[in-house]
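In: make a model of this:
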Amino acid sequence: MTKIDPATSALVLVDLQERIVALPTTPYRGEDVVANALRLRDAFRGAGAPVVVVQVSRPDNPPGNELVFDAQDDKIVTKYTIGGFAGTDLDEFLRGKGVRTVYFGGIATEFGVESTLRAASDHDYDTVAVSDAMTALSEISHENALTKIFPRLGTVVTTDEALAALS
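Out: Here you go, the predicted model:
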């Protein structure tokens with residue numbers, strides 16, 4: 001993997017909210033995904049790269065909609081659809097920061113993460129899926145995204161590989 005340029009890269013974490021992290025996920029537990037996401041967030045912040053936390057909002061505002069970590073130093077984007085680009089300022093924010101490459105993590109691989117990553121590709125960003133900083137509602141969905149979809153849209157790496165490329 002090539003070195004990550006913090007001046008042109010960003011980390012986007014999708015739907016790491018209490019009720020979503022608590023879902024029965026596979027191949028990783030929600031808590032494990034959050035741990036890897038926070039390792040990435042701290043490293044990206046430390047390198048001076050932007051971190052974006054995408055959260056979903058539902059009209060009925062169900063309990064557990066709160067983020068599972070403090071994101072006050074990150075850009076927070078509230079989405080009302082599956083993906084993080086439609087109807088939000090995510091693209092405007094990333095372009096304003098000079099971002100060309102976006103690293104992704106979150107829950108669920110086959111919903112919010114995949115939708116946002118696909119839209120990033122449509123917006124001409126280079127995309128990188130961090131395989132163990134995301135998890136799915138089904139094993140086959142996660143595997144399909146990581147082996148069939150994401151490699152056609154960009155790159156797939158692990159948390160450790162991304163951290164090594166950032167240092």
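In: quick check, distance from stretch 143-156 to the centre of its chain.
Out: Offset of stretch 143-156 from its chain centre (Cα atoms, centre = their mean, to the nearest Å): 14 Å.
In: how about that stretch: buried residues?
Out: Residues of stretch 143-156 classed as buried under the neighbour-count rule (16 or more other Cβ atoms under 10 Å) are 144-146, 149-150, 153-156. C-beta here means a position set from N, CA and C on the backbone, and glycine is covered the same way.
In: how about those residues, which pair is most distant?
Out: 144 and 155 (16.8 Å; Cβ to Cβ).
In: packing partners of the helix or strand hosting residue 103?
Out: Using DSSP states H and E, residue 103 maps to strand 101-107. Under the contact definition 3 or more Cβ pairs under 8 Å, 6 or more residues apart in numbering; DSSP states H and E, strand 101-107 sits against strand 9-14, helix 30-47, helix 114-122, strand 126-135.
In: ok, and what's touching that strand?
Out: With contact meaning Cβ atoms under 8 Å, 6 or more residues apart in numbering, strand 101-107 is reached by 4-5, 8-16, 20-21, 23, 25, 30, 33, 36-37, 40, 44, 54, 94, 112-113, 116-117, 120, 125-130, 133-136, 162.
In: could you rerun that using 6 Å?
Out: Under the contact criterion Cβ atoms under 6 Å, 6 or more residues apart in numbering, strand 101-107 has outside partners 9-16, 20, 33, 37, 112-113, 117, 120, 125-130, 133-135.
In: burial of the closest residue to residue 97 other than its chain neighbours, as a residue count?
Out: Leaving aside its sequence neighbours, residue 97 sits nearest to residue 50 (Cβ to Cβ, 6 or more residues apart in numbering; 5.0 Å). Residue 50: 20 surrounding residues under other Cβ atoms under 10 Å.
In: residue 119 contacts residue 84, doesn't it?
Out: No - taking Cβ atoms under 6 Å as the definition, residue 119 is not a contact partner of residue 84, at 7.2 Å.
In: who has more neighbours, the two?
Out: Just comparing residue 119 and residue 84: by other Cβ under 10 Å the higher neighbour count belongs to residue 84, 30 against 19.
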